[in-house]
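Novice: pasting a predicted model and its sequence here:
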Amino acid sequence: MSVDSPKLEARAVGKNFGSLRAVSGVSMTVAHGELRAIIGPNGAGKTTFFNLITGFFPPSSGDILLDGRNINRVPAAQRVKMGMGRTFQITEIFPELTVWENARIAVETGLGFSLRAWLSANEKRQVAEAVDEVLTMANLTAQADRLVGELSHGDQRAAEIAMALALKPSLLLLDEPTAGMGDEETYKVTGLIRRLHRDSKYTIVLIEHDMRVVFHLADRISVLAEGKLLAEGTPDEISKDVHVQNAYLGKAE
Amino acid sequence: MSTVTTRADSTVVRPWQQLVIIWALLLTVPFWLPLLGGYTAIAGRVLVMALAAMGLNLLLGYTGVLSFGHAAYFGLGAYGAGLTLKYVAASTPLAILAGTLLGGIAGTLFGLLLVRRRGVYFAMVTIAFGQVCFYIAYKWDDFTGGYDGLRGFVRAPLDFGLFKLDIAGNGTLFYYFVLFVFGIAVGLQALILKSPFGRTMLAIRENERRARFLGLPVEKHIWLSFSISCFFTALAGTLYALLNNFADPLGLNYVMSGNIVMIAVMGGMRTFWGPLVGAVLFVMLQDYVSSMTTNWMFFVGTTFVLVVLLFPRGLMGLLQRKGAGS
Ligand SMILES: Nc1ncnc2c1ncn2[C@@H]1O[C@H](COP(=O)(O)OP(=O)(O)OP(=O)(O)O)[C@@H](O)[C@H]1O
Ligand SMILES: [Mg+2]
C-alpha cells in the first residue's frame, strides 16, 4: 500500500477468447483520486478489460496491480475486499428486494457479517447507519422501501452504485452507468459520479459512450479499439487526436 | 424502516395475522378435523410433509437452487430414526436426533460435490445421490428390511422422570408432539431467514453475479444453505418414521423428491408458509383420491399443473402484494 504506487496499474494485459484477441497488450496507470474514462466502439474490449481488472476471469497475458501489489492470482471476491467496487453494463441488483434491503445486504457483507445468525443491537445500528449513509449519497432515501425492480432505470443504476459504495471501495469501476438513459436521468447519474469524485475523493474508472458525460467528468481518457489502446490523454488532447477521430469520433473516414 | 423489508413480507394478510391464523388452526386440529371427517394422524402427515417441503424451500424458494433429491435426506432421517429405535435404544428423542444427524450430515458432505454446479446439472446430481441411497436401502435386506421397508420398531413414550407422555399409544398426544417439534423447527427457520446469513440466501437467488461482486463466497453460502435445508428435511423424515412406525424405501425414491418439490411449488415457494398449504392440498389428494382410484398420482399431477398455470406464485402467493417486479 505504498503511497507512491498508482491506485491501479495494468501492464500489457491481454485476453483471448479462442482466436479472438478481445484485449491485447493494454497498459494503463490510474492515479489515486483520478477519474479515468475508457471509451471505444462496440466490441472494443472495454468490458473485457473490466472483467480482467475485477478478476472475473484471468488474463491470458500481462499483470494487474492494485496499490502496487500484483493481484493476478487473487480471486474476484477477494479483490472486492481489497477495495474494488463494480457496477455492470447491464444493471445487476436484487430486483425483488427493497432498496433498503439491497443496500443492507451489501453493508452487512462489507462489515463481514454475512455468515452471522444474529446481530447485537449495536451492530444493527451500525448497519442501519451505514445503509442510510449510502442511500443518502445515492439520493435514494425516499425510495428506501420500494422494490428495486420497480424503480426507474436511473434509480436502479443509483441503487447499484449505492451497493458498490456500501462496501467502502477505494476504487470504483462503472461500466456505462448512463447507458439507455434519457437526458434527465443521465444528468442525475452524472451528478452522482461527480460528487463521488470531487467531494468523496473516490478513484473511478468509467466506461462510457456518451461523450458529453466523458468530456464533462474525466481527468484523463483512454481510447480502446479492437482490443488495443489507441490513445490516452486529457479530454482536450483526445478531442484533438487524429487517430481517435478517425477510429472513433467519426469525423473523417 | 427496517421492518417491512422483503417482498415475501409484503402481503395482503399481514405476517402476524397469518401466524395467528395458522397456529390457531394447527393447535385445534384434534377438535375440528374429526368434524370434517378427517383423523388426527392425517394432520400429523401434513405437518411432516410441510416440514420436509419447508426445509427444501430454504434452498428452492429462498436460495433459488433446485434439489430434486431431497427424498434422500428425508429417507435417511426415517431410517436413522427407525434403526435407532430397533437396534440401539427405545428412545424417541434419541431416534430423532440420530436420524436428523444422519440425513443432515450426509447432505452436508454431499453438498460439497454440488456447489459448483448450477441449474439442471445441480438437480441431476441431487437425483443421482437420492437414487444411490434408495438402492442401498433396497438391496441391504438384512439391515434395512429391503423392499418391504424397515419394521419392528415403535416410537417410545416420552419419559420425563416425574411423568411420562404416552405418545406411543395416544394419537392426539403424538400429534401435539409432532406439532411441538414442527414449531421449534419453523421457528429456527424464521430466525435463519431474518439473519444476515438468511439475507445472503436471498441475494444469491436474486442475482448470483451481484452477490459475488459484493464479495460473497457464493459457493460456500449455497453449500451451507443446502446443508441446513437437508437437516430440516431429515428431521421431517424422522417424524415420518415415528408417525408410521415404519421406514419405507420408497420414501428415498425420486418420486418422493418430486412430491416434496410439488408441495413447495403448489403452496408458494416464495412464501414462508406456502409449503404448509401445499402439504394440506397434497395430503388431502393423496388420502381421498387414493381411496377411490389407484391412479391418484394422476390427479396430483393434474392439480399441480393447474395450480402452477393458474397461480404461478402458488396458493400462498395469492396473498402477496400485486404488481411488483416483472
Ligand atoms: N466471455 C466471452 N466469451 C467470448 N467472447 C467474448 C466474451 N466477452 C466478450 N467477448 C468478445 O470480446 C469482444 C470485446 O467485447 P467487450 O464486451 O469487452 O466489448 P465492449 O468494448 O465492452 O463493447 P460494448 O461497447 O458493446 O459494451 C467482443 O467481440 C465480444 O464478442
Ligand atoms: Mg461493454
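Specialist: Cool, got the structure. Ligands and ions are numbered 1, 2, ... in the order given.
Novice: my read: residue B:90 touches residue B:168, true?
Specialist: No - here residue B:90 lies out of contact with residue B:168, judged by Cβ atoms under 8 Å, at a distance of 9.5 Å. For the C-beta atoms, the positions are set from N, CA and C on the backbone; glycine is no exception.
Novice: any common contacting residues for the two?
Specialist: By Cβ atoms under 8 Å, 6 or more residues apart in numbering or on different chains, residue B:90 and residue B:168 have these common neighbours: residue B:156.
Novice: helices along the stretch 51-200 of chain B, start to end?
Specialist: B:71-83, B:92-114, B:119-139, B:141-144, B:171-193, B:196-206 (DSSP state H, counting those that start in this stretch).
Novice: among those helices, which is nearest residue B:259?
Specialist: helix B:71-83 (8.0 Å; Cβ to Cβ).
Novice: quick test: name the residue nearest the centre of the chain.
Specialist: Picking chain A for this. Centroid-nearest residue in chain A, with Cα atoms, centre = their mean: residue A:173, separated by 1.6 Å.
Novice: please go with chain B instead
Specialist: residue B:52 (0.9 Å).
Novice: give me every residue in the stretch 1-150 of chain A lying close to chain B.
Specialist: Counting by Cβ under 8 Å from any Cβ of the partner chain, the stretch 1-150 of chain A comes close to chain B at A:54, A:76-78, A:80-81, A:86, A:88, A:92-98, A:100-101, A:104-106, A:108-110, A:113-119, A:124, A:128, A:144-145, A:147, A:149-150.
Novice: which ones among these are found in helices?
Specialist: A:54, A:76-78, A:80-81, A:100-101, A:104-106, A:108-110, A:124, A:128 (DSSP state H).
Novice: so which of those residues would you say is closest to ligand 1?
Specialist: residue A:54 (12.7 Å; Cβ to the nearest ligand atom).
Novice: please identify the most buried of the helices of the stretch 51-200 of chain B.
Specialist: For the helices of the stretch 51-200 of chain B, average neighbour numbers computed from mean count of other Cβ atoms under 10 Å in any protein chain shown are highest in helix B:71-83, which has a mean of 32.
Novice: gap between it and the chain center?
Specialist: Centroid separation for helix B:71-83 versus its chain: 13 Å, with Cα atoms, centre = their mean, to the nearest Å.
Novice: may I have it as CSV, with CA atoms only?
Specialist: Only the C-alpha atoms of helix B:71-83 are listed here, as CSV (Å, rounded to 0.1, in the frame of the first residue of the first chain):
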residue,chain,number,x,y,z
ALA,B,71,-36.1,-37.7,-0.5
ALA,B,72,-32.6,-39.0,0.2
TYR,B,73,-32.3,-36.9,3.4
PHE,B,74,-35.9,-37.4,4.3
GLY,B,75,-35.4,-41.2,3.9
LEU,B,76,-32.1,-41.2,5.7
GLY,B,77,-33.8,-39.4,8.6
ALA,B,78,-36.6,-42.0,8.6
TYR,B,79,-34.2,-45.0,8.5
GLY,B,80,-31.9,-43.3,11.1
ALA,B,81,-34.8,-43.0,13.5
GLY,B,82,-36.1,-46.5,12.8
LEU,B,83,-32.7,-48.2,13.1
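Novice: tilt between that helix and helix B:119-139?
Specialist: Angle, helix B:71-83 to helix B:119-139, by axes from the mean of the first three to the mean of the last three Cα atoms, to 10 degrees: 30 degrees.
Novice: by contact count, what packs against helix B:71-83?
Specialist: Judged by 3 or more Cβ pairs under 8 Å, 6 or more residues apart in numbering or on different chains; DSSP states H and E, the packing partners of helix B:71-83 are helix B:92-114, helix B:119-139, helix B:141-144, helix B:218-244, helix B:254-267.
Novice: need the ones you listed in TSV (columns: distance to ligand 1 and mean pLDDT).
Specialist: Listed next are the helices and strands packed on helix B:71-83 as TSV, based on distance: least, Cβ to the nearest ligand atom, whole Å; pLDDT from 0 to 100:
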stretch	distance to ligand 1	mean pLDDT
helix B:92-114	25	94
helix B:119-139	18	83
helix B:141-144	49	74
helix B:218-244	19	96
helix B:254-267	33	91
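Novice: so which of the ones you listed gets nearest residue B:315?
Specialist: Once these are compared by Cβ to Cβ, helix B:254-267 is nearest, at 5.7 Å.
Novice: show me what from chain A comes close to ligand 2.
Specialist: Within chain A, the positions adjacent to ligand 2 are A:46-47, A:89 by Cβ under 5 Å from the ion.
Novice: OK, now which residue of chain B is nearest to ligand 1?
Specialist: When scored by Cβ to the nearest ligand atom, chain B has residue B:209 as its residue closest to ligand 1, at 12.8 Å.
Novice: thanks again, I'm all set now.
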